[in-house]
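Enquirer: Kindly return the folded structure for what I paste below:
(one chain, ligands or ions: 1)
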Amino acid sequence: MPFSRLVYLTRIGLVHGQADDSVRPGSYHGGMAQFPTELEPSDLIGCVVDKSRSRIRTMFGEIAGRYDFMNHLLALNIDRLWRRRMVRMVPPRDERPILDVCSGTGDLALAYDRLARYRNLACPIVATDFCPEMLAIGREKVARSGARDRITFIEADTIHLPFDDGQFQIVAVSFGLRNVADTDRGLAEMARVCRPGGQVAVLEFSMPRKQPIRGIYRWYFRHVLPRVGQWLTRNATNAYVYLPESVGQFPQADALADRMRVAGLNAVRFYPFTGGIATLYVGHR
Ligand SMILES: C[S@@+](CC[C@H](N)C(=O)[O-])C[C@H]1O[C@@H](n2cnc3c(N)ncnc32)[C@H](O)[C@@H]1O
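Expert: Numbers count the residues shown, from 1 in each chain. The predicted model follows:
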């Protein structure tokens, strides 16, 4: 890590900082959702999805320039509402730092920054990702929005986070964990750097349970999204074929909640958004 970053992180107490147990866990208690933990075999669009570090980095590097545009277009802008809802459901409670892993172009970090300012909390926000092209766009966006002093981008792999244990009040990820080659190590790292009493939040795509939304979603994911995505981004790594494949193979509902418990998190709950197209998982450290 460059020295200036190290100085900054030391200043805000992330490196060699002390975890403080004085703040109680978050008080949000929503209902436990019930929907199938396994997808039907027909939902698994591909066979083995290559999530090697080099493939994933290259793929996001290729599409970085169009990532935000495609994201908002293909999700019809609902992704913004989901992130906003996520930060409201897992809000900052004090001025300890917040970590957004697999941050990409920083939309979740920016959503946390907006909420923290609204609540008059000066929380430092750290955004990590291993793809330099995505981080570069994130830095530009953050500079444009005047948040450069509050949001720090660091190039880091989620399975080796460069932070001491128990540093963050919230460790969050949106649409990123699915891409991490080793889900359990990613979750374990997120739990490790979260302070006792803090929260780990994961927002990820999921398979809706009910018709007709389930049928529409599968049709859109299989036929529309890969074609439109590939056509508009013309990337060599098939990023928009990978997207539905990776969603089809990623654990969801109770299956992911169980993995979070194994990673050392307690009171894990999940909340489907928009009929279950996306799901928010929240665990306490
Ligand atoms: C689909 S994007 C999500 C970006 C952002 N969180 C959002 O909500 O739009 C996934 C991001 O995860 C990053 N990523 C995937 N695996 C990673 C890993 N092991 N460590 C760090 N970043 C990773 C990719 O580089 C990419 O920027």
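
Enquirer: Tell me where the stretch 1-150 of the chain has helices.
Expert: Assigned by DSSP state H, counting those that start in this stretch, the stretch 1-150 of the chain shows helices spanning 3-11, 53-74, 78-89, 107-118, 132-144.

Enquirer: Next one, pLDDT for the closest residue to the ligand within the stretch 51-200 of the chain please.
Expert: Nearest residue of the stretch 51-200 of the chain to the ligand (C-beta to the nearest ligand atom) works out as G104 at 2.6 Å. Glycine gets a C-beta too; all of them are placed from N, C-alpha and C. The score at G104 is 97. That number is its pLDDT.

Enquirer: For it, give its distance to M207.
Expert: G104 is 23 Å from M207, where distance means C-beta to C-beta, to the nearest Å.

Enquirer: So between these two, which is more surrounded?
Expert: Counted by other C-beta atoms under 10 Å, G104 and M207 do not tie: G104 has more neighbours, with 25 against 22.

Enquirer: ok, that one touching P132?
Expert: No. Checked against C-beta atoms under 8 Å, the pair G104 and P132 is beyond contact range at 11.6 Å.

Enquirer: contacting residues for the residue of the stretch 51-200 of the chain closest to the ligand?
Expert: F60, Y67, D129, C131, M134, G138, F175, G176 (C-beta atoms under 8 Å, 6 or more residues apart in numbering).

Enquirer: Repeat the analysis, applying 10 Å as the threshold.
Expert: Contact analysis of G104 by C-beta atoms under 10 Å, 6 or more residues apart in numbering lists 60, 64, 67-68, 71, 127, 129, 131, 133-135, 137-138, 174-176, 179.

Enquirer: can you check R185 too?
Expert: Residues in contact with R185 (C-beta under 10 Å, 6+ apart) are D157, T158, I159, H160, A263.

Enquirer: Give the bridge partners for S174, please.
Expert: Beta bridges link S174 to L203 when assigned by DSSP bridges.
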